[in-house]
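Participant: Fold the following.
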Amino acid sequence: MSDTTQLEAKVLLLDHDPAQYRPLSEFCRSVGLMPLLRSAHDALATLAQHKDLAGVLLAQDLPVDDGTAFNLAQRIHRQRPELPIVLRRSDSRALNDEEQASVQYEWQSGDMDALRGIVDKSIFIVRYPAELVEGIVALTQEALLAMFPNAEVQADPPYVVHDRIIYGEVSTLIPIESTWCRGFMMLQTEESALRQGVLQGMSMEGIGGDLSFREINNLLGECTNLIWGAFKNRYIPPQAFANQQTQVPIVINHAHKYISFGTTDPQLCVRYRLSDQQRKSAEPLWIVQRFIFNLLWSPDQYTEFMRTSPQGGSTGVLELF
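Facilitator: All right, here's what the predicted structure looks like:
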């Protein structure tokens, strides 16, 4: 078996009981969940603010002004059906069909073992080799520094998301294929922040001024190519690819900034903070990276590839296309 790591995941925690909040907080900390504690009143606003959630922990007896916790669950599910909703039961009665339709999982208060099992099969259903995650972050930072040599590039701890909401206005998408994976890599950012970063002089010499949106798009595209080139050199053998060449439709809804790759599996996500070294108070540029292995994912085959690959120990030479 491969040496996998359980990454962090951000969840919306809707619970009002102080007696429950402490054990839930300790549980979240022990399994790698980052809880956003909110009331029913703030739940939908928090959904609008956070586009990178992995699930919702909801109390059955949560006070809701205009209904019950099940009504709130229905509204959450309509807005973000990708997010698994886990209900903390406060009684043992059987749920009716309408209530069952609004939640995906349920557990009795105090049964942390049951909650752990639910989290493992609903949120952390995909594990990533620690070496792979570290290698991806390292080669991405190297590529971003090549494109933004005057910036300080820092990576937040990687985490997994179930959301399918696109961050910002500018996104790139490139296929990723090896003997152990098939899918896509995305980069996402806000156009205004990327433009401001260029104006502040964080990018390569000769890139600046009032760039058009096409030139801004191309800049993020070049970043994507650099990362892809480094990924290819390190993780993709030149002669062998996956046998199964299955494809699934990619659905994009621009009005809702939504993209689906035809799978419910969580995505590997890393946020990179690019800061102006000369202007510490300036707003940073955030670039969000996602890996979606929707067509093939085998950590064990990755381990075997790295064991036999002579170039597995280096990131390779960055390529610019």
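
Participant: Quick one: the helices in the stretch 201-321 of the chain, in order.
Facilitator: 213-235, 299-308 (DSSP state H, counting those that start in this stretch).

Participant: quick one: the residue nearest the centre of the chain and residue 199, what's the gap?
Facilitator: Nearest residue to the geometric centre of the chain (C-alpha atoms, centre = their mean): residue 269, 3.3 Å. The gap separating residue 269 from residue 199 is 27 Å, by C-beta to C-beta, to the nearest Å. Any C-beta I mention is one placed from the backbone N, CA and C, and that applies to glycine too.

Participant: tell me the average confidence for stretch 43-63?
Facilitator: On average, the pLDDT along stretch 43-63 is 95.

Participant: Report the buried residues of that stretch.
Facilitator: Along stretch 43-63, these residues count as buried under the neighbour rule (16 or more other C-beta atoms under 10 Å): 43, 46-47, 51-62.

Participant: Between the residues you listed, which sits nearest residue 250?
Facilitator: residue 51 (18.0 Å; C-beta to C-beta).

Participant: how many neighbours does residue 257 have?
Facilitator: Applying other C-beta atoms under 10 Å, we find 16 other residues in the vicinity of residue 257.

Participant: Now intersect the buried residues of stretch 43-63 with the strands, please.
Facilitator: Of the buried residues of stretch 43-63, the ones assigned to strands by DSSP state E are 55-59.

Participant: quick revisit: let's see the pLDDT reported for the residue nearest to the centre of the chain.
Facilitator: Residue 269 is assigned a predicted lDDT (pLDDT) of 96.

Participant: How about residue 229?
Facilitator: pLDDT, residue 229: 92.

Participant: what separates it from residue 77, distance-wise?
Facilitator: Counting by C-beta to C-beta, the gap from residue 229 to residue 77 is 41 Å.

Participant: tell me the secondary structure for the closest residue to residue 224 other than its chain neighbours?
Facilitator: Residue nearest to residue 224 in three dimensions, not counting chain neighbours: residue 172, with 4.2 Å by C-beta to C-beta, 6 or more residues apart in numbering. Classification of residue 172 using DSSP: H, G, I helix; E, B strand; the rest coil returns strand.

Participant: where's residue 172 relative to residue 187, distance?
Facilitator: 5 Å.

Participant: what does residue 197 give?
Facilitator: With distances taken as C-beta to C-beta, residue 197 is found 14 Å from residue 187.

Participant: neighbours around residue 253, how many?
Facilitator: Per other C-beta under 10 Å, the neighbour tally for residue 253 reads 11.

Participant: Excluding chain neighbours, give the residue nearest to it in space.
Facilitator: Closest to residue 253 by C-beta to C-beta, 6+ apart is residue 259, at 7.7 Å.

Participant: need the contact list for that neighbour.
Facilitator: By C-beta atoms under 8 Å, 6 or more residues apart in numbering, the contact list for residue 259 reads 164, 166, 171, 186, 250-253.

Participant: Domains in this structure, by residue range?
Facilitator: The chain resolves into domains spanning 4-122, 128-308 when parsed by automatic domain parsing.

Participant: Of those domains, which shows the lowest average pLDDT?
Facilitator: Among the domains of the chain, domain 128-308 scores lowest, at a mean of 86.

Participant: measure the residue of the chain most remote from its centre to residue 60 for me?
Facilitator: Relative to the centre of the chain, and counting by C-alpha atoms, centre = their mean, the farthest-placed residue is residue 93 at 35.9 Å. Separation of residue 93 from residue 60 (C-beta to C-beta): 10 Å.

Participant: Was I right to think residue 59 contacts residue 14?
Facilitator: Yes. Judged on C-beta atoms under 8 Å, residue 59 makes contact with residue 14 at a distance of 6.3 Å.
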